[in-house]
Each structure stands twice: as structure tokens, then as C-alpha cells.
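S.K.: Following is a predicted model, sequence given first.
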Amino acid sequence: MTGPFAPIVILGPTASGKSSLAVELAVRLGNAQIISADAMAVYRGMDIGTAKPTVEEQRGVVHHLIDVVDPTEDFGMGRFQEHTAAALTTIESAGDRAIIAGGTGLYVASVVDDFETPPRYPSVMEELETEPDTGALYKRLSNLDPVGAQKMEPSNRRRILRALEVCVGSGRPFSSFGPGVDAYPPTRFVQIGLEIDRDIMDQRIDQRYDQQMVDGFLTEVVGLPKPLSRTAAQALGYRELLNHLDGQLTIEEALEEAKLRTRRFARRQQRWFRRDPRIHWLDALSPTIVDEAVELALAT
């Protein structure tokens, strides 16, 4: 796929300001459209808890991969790649520049490096999900695919299950699909990463959750169609509030657990993105960050 402009990718940890920078950059460039690379922004009705940009915040910039499916549907990396490829074709056919914004590292990498998407094996996944011990699943993955296991957190149940599904179902190591997340070949995508101090990031995460609760996050969760799909149910904050509604946690416990889980997730994002030497890093709090991003975009 070719186009007159190199697509821009804006990435970084949650609460670092990716969405707002993407919009500012698109407005400044004047001929850009945004593709969301947030794994949960695809779900209709999951607005407050995903910090999905409102119509006002989008400022007239066309956004793709927002409100694509209902939260009862699975939407994994393969579908994300298909939708993103279609969006890139639409944007570039119009003579515009694509700006991909998001923090789901695997989704971003799958597009930047054109990953081969492993097939699904529903019966295998169903059997694997009966194992409640994530540590046992990780140990099994380490035996089947030690290379792949080393590249993921032992507590990241969703990724471990997916990797095991592929290993067992295909008979091939999960890490054998595509160039792998540790390969950084030349790419036409210009990647801009947002650096932010961890303490400030933690404060932003906590403050955002507090504001989301004021804005009606709990009411949003109550109103979602049930049951949520396997992918939608992993959304940060939603799982904890669902546990509260089921009587497993008090609202205070649910909120604190959501904040802790999100802070840990943000650190994993930082570690993930830091490995890629192709990323141009900018200070998320710099008053000149938009100018710097425009300069990078126009240099390509």
C-alpha cells in the first residue's frame, strides 16, 4: 500500500495525551484523518470508561475505528488489522494523511510491521479458559513457546491465553507468526511516542477515574448489553465495576483496583514502546509538543 504521505502513529501510555495530540496535529496539518488504535474504543456504548473522544473533542476531524461493534462481539487483532487497512485505503485515496493514535501496543505493531495474524481455535480457547491459574497457563506457554513467553507479562492472562490457543491449535509457536515483536524493520510509518513521568502519569490516571465516576461511568456499565464479549470484558475499569455490580467488591474497592490495574498497564505500555528504536520521543507535557509533532510529520 502506498500513499503520498507517510502515516503518523502517536503512541504512549494511557493518560499521556495521545488523543488530544492527534486531533491537534490533524487540525494543524489540515488534511488528516485519525484511526483509533485503542482496543476498546471500537465498542459502542463504552465511552466514558475508555476516555473515547467526544464529538466536541474530535473537532470535526474524521475518526475511524470508533464505535464499530457492540460490546457483546469479540474484536481482536485480526479484525483491527482488517479495519485499519480499509481505513488507510480510504484516507489515502482521498489524498489525506492518516494519523493512528492509541496505546494498544500489539495492535499498533501489527499494522506498522504487518503481522501475520494467527487463526482462531475456539474449542481450544474454551478448554484453556477453564484453567483459573494464570501462572499455570504461563508455565505451559513457557514450555511450548519460550521465546513468546519471555515477551509477555506472566500476569497478562489475555495474551497468555491467546498465545496458548495458537500454540495448541496450530502446532506452531505463537512467536513464529510474523516478524515478531522484537523485530524492527524499516517502515513507512512515522512513530511519535509520548514520554511522561510515572508519578504524573499515576496522578492523571487516578484523576481521570475520579472524573469518570462523576461523569456517570457506573451508570454506563449498568446499561451495557450483557454478557460482554471476552475482549470487551477485559477493558480497564469495566471489569472492576462489573465485579462491584455482582457484589464481589465495594465501589471503593472496585475503583481502587481499577486504578492499580491501570497504573500497572501503563507501565507495561512504557516498557513495550521503549523497545522500538524507530520511535521519535517527545515530552508529553512540553508546551511545544504540537509544533514538534508537525515538524516530524512534514519532514516525511
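M.R.: On my side now, so go ahead. Just so we're clear, the structure is a prediction, and the values are computed from it rather than from any experiment.
S.K.: Domain map for the chain?
M.R.: 8-116+187-298, 122-176 (automatic domain parsing).
S.K.: Run the chain-centre distance for the shortest one.
M.R.: Going back to what we said before, that points to domain 122-176. 20 Å (C-alpha atoms, centre = their mean, to the nearest Å).
S.K.: now the stretch 1-150 of the chain, which segments are flagged as low pLDDT?
M.R.: Applying pLDDT under 70 to the stretch 1-150 of the chain picks out residues 1-4.
S.K.: Please, where are all the strands along it?
M.R.: Counting by DSSP state E, counting those that start in this stretch, the stretch 1-150 of the chain has strands at residues 8-11, 32-36, 63-64, 97-101.
S.K.: right, so of the ones you listed, which gets closest to Gly135?
M.R.: Gly135 sits nearest to strand 8-11 of all the strands of the stretch 1-150 of the chain, at 29.6 Å, using C-beta to C-beta. (Glycine included, C-beta is placed from N, CA and C.)
S.K.: okay, Arg159: pLDDT?
M.R.: Looking at Arg159, its pLDDT is 88.
S.K.: ok, and which of the domains of the chain has the densest surroundings?
M.R.: Highest mean neighbour count among the domains of the chain (mean count of other C-beta atoms under 10 Å): domain 8-116+187-298, with a mean of 18.
S.K.: what about that domain, distance to the chain center?
M.R.: 5 Å.
S.K.: rewinding a little: possible to save the strands of the stretch 1-150 of the chain as TSV with distance to Ala26?
M.R.: Formatted as TSV, those follow (distance: least, C-beta to C-beta, whole Å):
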stretch	distance to Ala26
strand 8-11	9
strand 32-36	4
strand 63-64	9
strand 97-101	6
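S.K.: Of all the ones you listed, which one comes closest to Thr130?
M.R.: Here strand 32-36 is closest among the strands of the stretch 1-150 of the chain (C-beta to C-beta), at 33.2 Å.
S.K.: Can you give the strand pairings for the closest one, parallel or anti for each?
M.R.: Strand pairing for strand 32-36, using DSSP bridges, gives strand 63-64 (parallel), strand 97-101 (parallel).
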